[in-house]
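Q: Need a 3D model of the sequence below.
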Amino acid sequence: MRNSKLLFLAFFFIGGTWAFEACNNGEQKTSSEGVEAAKEANDTSSVVAVDEADMNFAVKAADGSLAEVEMGKLGQEKATNPSIKEFAGMVVTDHSKANEELKTLATVKGIKLPLVVSEDHQHHLTDLTQTKANDFDKAYVDMMVEDHQKDVELFEEQAKNGKDAELKTFAVNTLPTLRKHLDAAKALKENLKK
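A: You can find the predicted model right below:
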């Protein structure tokens, strides 16, 4: 019964957050919404006792997934190769779904997640945005291989050593999708060499 109430509250707060974000869509995101702000908030205000490594996993996973969605949108917009556009669409769909699952878990556990991508990921996005059209496909695929390798490593570590059962399960359940993305990105990279 208690878990049902927590789940209801989580969905209630997430719905309110989405509505609030929709109203503020045109405003510039501030550093108070980023990774560092999330880490600082988590240091001082966890509702449920969650191990620091588990909190860090959640923050890094959210940051990576937010970045993948934004890069995927760029891929859908700027890629010239239809296979890359299709891959980018899959990335947006899958990472958006993972983001929602992670938001629900984080809300229940009192973990603050970043609402905007980290500075490092923002640099990647800026680089991609400024890439010339004829160079975009290669740059995008290279970045997807690199980022998904890091994602797989992060999620494997959580699946193996995570202390929070629900975050560990989230990592285990998300890994096949991340591996599928990595394999697809590697295949696209090979095809671009031909």
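
Q: can you give me the helices for the chain?
A: Counting by DSSP state H, the chain has helices at residues 2-23, 35-44, 52-78, 82-109, 119-130, 133-161, 165-193.

Q: Pick the most buried one from those.
A: Counting by mean count of other CB atoms under 10 Å, helix 52-78 has the highest mean neighbour count of the helices of the chain, with a mean of 21. Glycine gets a C-beta too; all of them are placed from N, C-alpha and C.

Q: how many degrees apart are it and helix 165-193 in direction?
A: Orientation of helix 52-78 against helix 165-193 (axes from the mean of the first three to the mean of the last three CA atoms, to 10 degrees) gives an angle of 30 degrees.

Q: Contact partners for the residue nearest the centre of the chain?
A: Nearest residue to the geometric centre of the chain (CA atoms, centre = their mean): S65, 1.1 Å. Going by CB atoms under 8 Å, 6 or more residues apart in numbering, S65 touches 95, 98-99, 102.

Q: from memory Y140 sits against V91, does it?
A: No: if you go by CB atoms under 8 Å, Y140 and V91 don't touch, sitting 10.1 Å apart.

Q: what's the overlap in contacts for the two?
A: Counting by CB under 8 Å, 6+ apart, the shared contacts of Y140 and V91 are 71, 75.

Q: quick one: low-confidence parts of this protein?
A: 1-48 (pLDDT under 70).

Q: Mind doing that once more with 90?
A: By pLDDT under 90, the low-scoring segments of the chain are 1-50, 133-134, 193-194.

Q: how about the nearest residue to F136 once chain neighbours are set aside, what does it touch?
A: Leaving out its chain neighbours, the residue that sits closest to F136 by CB to CB, 6 or more residues apart in numbering is K78, at 4.8 Å. Shown in contact with K78 (CB under 8 Å, 6+ apart): 128, 131, 133, 136, 140.

Q: same deal with E68?
A: So E68 contacts 91-92, 95, 147, 151 (CB under 8 Å, 6+ apart).

Q: redo that, cut-off 6 Å
A: Residues in contact with E68, defined by CB atoms under 6 Å, 6 or more residues apart in numbering, are 91, 95.

Q: burial of the nearest residue to A139 once chain neighbours are set aside, as a residue count?
A: Spatial nearest neighbour of A139, chain neighbours left out: T131 (4.7 Å); criterion: CB to CB, 6+ apart. T131 has 17 neighbours, counted by other CB atoms under 10 Å.
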